[in-house]
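Trainee: Can you look at this prediction? I've put the sequence above it.
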Amino acid sequence: MASRLLHRLRHVLAGDGPEEAAAGSETEQFPESSELEDDDAEGLSSRLSGTLSFTSADEEGDEGDEEVGPDPLAPGHEASGIDAELSAPPDAPRGSQLLTRQLQDFWKKSRSTLVPQRLLFEVTSASVVKDPPSKYVLYTLAVIGPGLPDHQPAQISRRYSDFEQLHRSLQRRFRRTMAAISFPRKRLRRNFTAETIARRSRAFEQFLGHLQAVPELRWTRDLQDFFVLPELRRAQGLTCTGLYREALALWDNAWQLQTQLGTPSGPDRPLLTLAGLAVCHQELENPREAQVCCEKALQLLGDKDPHPLLAPFLEAHVRLSWRLGLDKRQTEAQLQALQEAGLTPTPPPSLKELLIKEVLD
């Protein structure tokens, strides 16, 4: 939208007539809907310039396990119409005064029409994956938002069928709310061209942004699972097979995702993520980082009823504190109290044991 605003202002400052401004208003009345369906590939590529890359996008095969079929998914999207309000009158003043005034008017109107978003989503790459007998496009998105500003943005990689499954599950539960949120339709042909991939990349960014901007949808388990569950499963699998360095990167990415998304459904998945981080750091001889993970977990657990992971975190914290030469008396006393009350066996199970046995659903 910023690029369209600057393009409009350039015409006004250059002295273009009202006829051109009026011609542009017809296509700008429903900006997001037109972007999803009618934009040309060149325009989309320029908007995504520098961030979106294509791999094997020149293939135009019609096969694709989840991307071939009828066109049942085409809910309408109600645009705000803000862009239509940006047309400058023919007698508007020139120079910086025009830019300042129009920008002020724009932000005044946007405050009452735009829903504030906590997160932004950007497709940074899209690649065609051949996994016989199937073939699909894998979209990699950066999740940009508050929290952990010193880290690289968290990333997820999803295919069309993953987005479609999320859309269908939310439609079943929130039909009225989802009616106003558009989703890119299926196609019978040209699923692997640069044009189609660019359109869908833009559409998926908007789709997730709209879902995350609605509190009713933001806290659903479906959306939380979409972002975090695949990463947790892969990290758990790598940890169980002893590939700790590869698993550590996935646990860290999952922790960033949960920090940015929030955890309204409870602390279980963040605790599991911290357990994975602690185990990998211990195995990679990073005791200080492992202890920090245990301390974060103990803060999350607080004084609530004993959690199955409480004693394992206490036991790991005692051992790490002893190794680092730190005071462990308070943690030892808390662990001993749990054992004397019969709330945990002696010795308690290790974090690694519980991590391997945990079933992620």
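Mentor: Great, that's in hand. Numbers count the residues shown, from 1 in each chain.

Trainee: quick one: contacts for Pro308?
Mentor: Contact analysis of Pro308 by C-beta atoms under 8 Å, 6 or more residues apart in numbering lists Leu354. For the C-beta atoms, the positions are set from N, CA and C on the backbone; glycine is no exception.

Trainee: where does the stretch 101-250 of the chain have low pLDDT?
Mentor: The model of the stretch 101-250 of the chain has pLDDT under 70 over residues 101-118, 146-151.

Trainee: run the last query once more with 50
Mentor: Applying pLDDT under 50 to the stretch 101-250 of the chain picks out residues 103-104, 106-117.

Trainee: ranges for the strands of the stretch 151-300 of the chain?
Mentor: With DSSP state E, counting those that start in this stretch, the ranges of strands along the stretch 151-300 of the chain come out as 154-159.

Trainee: hey, where'd the helices end up in it?
Mentor: For the stretch 151-300 of the chain, the helices defined by DSSP state H, counting those that start in this stretch cover 160-173, 175-178, 194-213, 215-218, 221-240, 244-261, 268-283, 287-301.

Trainee: List the beta-bridge partners for the nearest residue to Val129 once chain neighbours are set aside.
Mentor: Distance criterion C-beta to C-beta, 6 or more residues apart in numbering; nearest residue to Val129, sequence neighbours excluded, is Leu138 at 5.1 Å. As for beta bridges, Leu138 partners with Ser127, Arg159 under DSSP bridges.

Trainee: isn't Leu138 right next to Ser157, touching?
Mentor: Yes: the pair Leu138 and Ser157 qualifies as a contact (C-beta atoms under 8 Å) at a distance of 5.5 Å.

Trainee: Name the residues contacting each of those two.
Mentor: Both Leu138 and Ser157 lack any common contact, where contact means C-beta under 8 Å, 6+ apart.

Trainee: Glu122 contacts Leu141, correct?
Mentor: Yes: under the criterion of C-beta under 8 Å, Glu122 makes contact with Leu141 at 6.5 Å.

Trainee: about what we covered before: including mean neighbour count and distance to His317, could the helices of the stretch 151-300 of the chain go into CSV?
Mentor: Formatted as CSV, the helices of the stretch 151-300 of the chain follow (neighbours: other C-beta atoms under 10 Å; distance: least, C-beta to C-beta, whole Å):
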stretch, mean neighbour count, distance to His317
helix 160-173, 17, 37
helix 175-178, 13, 43
helix 194-213, 21, 35
helix 215-218, 14, 33
helix 221-240, 19, 19
helix 244-261, 20, 18
helix 268-283, 24, 9
helix 287-301, 19, 4
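
Trainee: picking that back up, who are the contact partners of the residue nearest to Val129?
Mentor: Counting by C-beta under 8 Å, 6+ apart, Leu138 touches 126-129, 157-159.

Trainee: Check the residues you listed and tell me the two furthest apart.
Mentor: Val128 and Arg158 (14.5 Å; C-beta to C-beta).
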